[in-house]
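S.K.: next input, structure requested:
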Amino acid sequence: MPTSVDLRKKPDRVKIHVSSGAGVDIAWSDGHASHYDFAYLRDQCPCAMCNDERQKKQAYQQIAGKAPAAVLPMFKPKPTARSAHAVGNYALQFEFNDGHSTGIYSFDYLRTICPCADCAREFRSASH
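M.R.: Alright, predicted model coming up:
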């Protein structure tokens, strides 16, 4: 039995602006448009290693009540993408300027993390 496709999470058009560093623009089938900066995408990387790091940071914040301070704060360049490519017809993958490239960003995930307030309410509210 085929599963129904949530049109809110199906892209109509995808534009990836690697050379300009402007990020990713997606026009969704339901008429919504999303813009993702590469820095935001790097912070939201869905790979297992990044998820583990986020969970450790959240656990520390719950215990200590604050974010961990960097031991040796250093300048880090703003994350950008060196390259990007489609993964089948369901996802995107980026190679970031810090060398990280293991995250596969499904379109379902990208719509869920859309930075706009409407999508935050719809896809990331406490009830979901």
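S.K.: for the helix or strand of the chain with the lowest mean pLDDT, name the packing helices and strands.
M.R.: Here the helix or strand of the chain ranked lowest by mean pLDDT, DSSP states H and E is helix 48-64, holding a mean of 88. Helices and strands touching helix 48-64, by 3 or more CB pairs under 8 Å, 6 or more residues apart in numbering; DSSP states H and E: there are none. Where you see a C-beta, it was placed from the backbone N, CA and C, and this is true even at glycine.
S.K.: give me the buried positions along it.
M.R.: Cys50 (16 or more other CB atoms under 10 Å).
S.K.: Arg121 belongs to a helix, doesn't it?
M.R.: Yes - using DSSP: H, G, I helix; E, B strand; the rest coil, the assignment for Arg121 is a helix.
S.K.: how far away is it from Cys114?
M.R.: When distance is defined by CB to CB, to the nearest Å, Arg121 is 11 Å away from Cys114.
S.K.: and the two? which has more neighbours close in?
M.R.: The residue with more neighbours, out of Arg121 and Cys114, is Cys114; 22 against 11, by other CB atoms under 10 Å.
S.K.: partner residues bridging the residue nearest to that one when sequence neighbours are not counted?
M.R.: Leaving aside its chain neighbours, Cys114 sits nearest to Ser34 (4.3 Å; criterion: CB to CB, 6 or more residues apart in numbering). Beta bridges link Ser34 to Ile26, judged by DSSP bridges.
S.K.: now do the contacts for Ser34.
M.R.: Ser34 makes contact with Asp25, Ile26, Trp28, Leu110, Arg111, Cys114, Pro115, Cys116, Cys119 under the criterion CB atoms under 8 Å, 6 or more residues apart in numbering.
S.K.: quick one: contacts for the second one?
M.R.: Contact analysis of Ile26 by CB under 8 Å, 6+ apart lists Pro11, Arg13, Val14, Lys15, Ala33, Ser34, Tyr36, Phe107, Leu110, Arg111.
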